[in-house]
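# Sharing a model prediction with you, sequence too.
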Amino acid sequence: MRCNGGNEVAVNLNLPRYTFLVLEVTRLRKNGMPNVATLPDRTSNMFHWENGLKLTIADLAIDFRRRQPRAFVSHAHADHMARHEYALCTPETAALYQLRLGPRATLAMPYRQPIEWGGLRLTTYPAGHCLGSAMLLAEDQGQSLLYTGDFKLRPSATAELAELPHADTLVIESTFGHPNYRLPPRDEVLGEFFSLVRKALADDCVPVIQGYVLGKSQEITRLLTAEGIPVLQQKSIYAVSQVYEQLGCPLGRFERYNGRVEPGWAVIVPPGSPLGHLDRQVKFALTGWAVDRSAKYRLGVDHALPLSDHADYDELIAAIDQVAPKAIYCTHGPESFVDRLLDLGYNAHVLGKRRQERLF
Ligand SMILES: [Zn+2]
Ligand SMILES: [Zn+2]
């Protein structure tokens, strides 16, 4: 764990029975007195860290990238799943998970329908991140824990609006946990995007948009087709889009890209899949990282626009206030987010070890 400004120390807690490792962030006040973040209360006994988050009583792995006997899969992005023996997930995630990793044993958990499983009451709630993305609420004898997975609070054209129930313990994905990451209003970003795409088409250019294979590409497709702009999709994006449509999420007029582009069409490709042979391309990326002015150079595009499937800084704080937890465990984000939460008076911690991984 990185120490920030020399005023933090990390303490590893090894609690018997739970092989429990949570990094407790403590802070020394200016007068030198330690203001130790509240140690895990009973609510924390619902989970432990085993190179990943596990619900202890149910022995249920959460979003593991390594094969597990029983795992909850919050959504079908590569950094949240593996070929598990048995996976709990929403029906939509089950379909997308199996598209990507082949036939697997799954237990479908539609949103807001509690099940009793492994000694816990488990309920999924929409996470607003991509089709089927879910938060998991685990309850046990008056204790509760909410795991957000990747989420956002803003609306999406292709994912149900996020819904956050109250929980005593909140495990929150905090990718954009820095005040630099405050995204402009969605309508403003989309208005700019549509006018740039129309300008490219009017100039006889081909708008080529980078989008992750699952989620962002389908939402961009639906947004463009609703504006009357048909879309060509690279093969792997097209395969996911067909499952979206089978799951009742229509995307409008789109076809598989076969190497030719008729005038008036936009093209969507995964990041890092340039269409080198196409003349007169205008390249776009839509990502939260676009709040950094240098993003378009880093991403190699003409226009980088800040549209994200992850909660921005203000959404993270709003989510925490909605859940009103007694304890917060942050994952995937900058550790400085925990400091900010402590400064704001929240009981916040870093969850387990930071995982170095790509953001999907
Ligand atoms: Zn992720
Ligand atoms: Zn994701």
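Good, I have the coordinates. Ligands and ions are numbered 1, 2, ... in the order given.
# what about the strands in the stretch 251-360 of the chain?
Assigned strands in the stretch 251-360 of the chain, in chain order: 254-256, 266-269, 281-286, 303-305, 327-331, 348-350 (criterion: DSSP state E, counting those that start in this stretch).
# tell me the contacts of the residue lying closest to Gln233 once chain neighbours are set aside?
Distances taken as C-beta to C-beta, 6 or more residues apart in numbering place Ile268 nearest to Gln233, at 5.1 Å, with adjacent residues excluded. For every residue, glycine as well, the C-beta is placed using N, CA and C. By C-beta atoms under 8 Å, 6 or more residues apart in numbering, Ile268 lies in contact with 208-211, 217, 220-221, 231-234, 237.
# So Arg104 is in contact with Arg83, correct?
Yes - with contacts counted by C-beta atoms under 8 Å, Arg104 reaches Arg83, the gap being 6.7 Å.
# If you count surrounding residues, which of these two has more?
Using other C-beta atoms under 10 Å as the criterion, Arg104 and Arg83 rank with Arg104 on top: 17 against 13.
# quick one: the more buried one and ligand 2, what's the gap?
Distance, Arg104 to ligand 2, using C-beta to the ion, to the nearest Å: 19 Å.
# Now do the longest helix anywhere in the chain: which elements does it pack against?
The longest helix of the chain (DSSP state H) is helix 186-202. With contacts taken as 3 or more C-beta pairs under 8 Å, 6 or more residues apart in numbering; DSSP states H and E, helix 186-202 sits against strand 206-210, helix 216-226, strand 281-286, strand 303-305.
# Quick check: can you name the pairing partners of the third one and their directions?
Strand 281-286 has the following sheet partners, assigned by DSSP bridges: strand 206-210 (parallel), strand 303-305 (parallel).
# what about dumping the CA coordinates of that strand to CSV?
Presented in CSV, the C-alpha positions along strand 281-286 are these (Å, rounded to 0.1, in the frame of the first residue of the first chain):
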residue,chain,number,x,y,z
GLN,A,281,-11.6,8.5,-41.0
VAL,A,282,-12.7,10.7,-38.1
LYS,A,283,-11.9,8.8,-35.0
PHE,A,284,-13.8,9.0,-31.7
ALA,A,285,-13.5,7.6,-28.2
LEU,A,286,-16.2,8.0,-25.5
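# Got a PyMOL select line for the buried ones in the contacts of Ile268?
The following PyMOL line selects those of the contacts of Ile268 that are buried, judged by 16 or more other C-beta atoms under 10 Å:
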select buried, resi 208+209+210+211+217+220+221+231+232+233+234+237
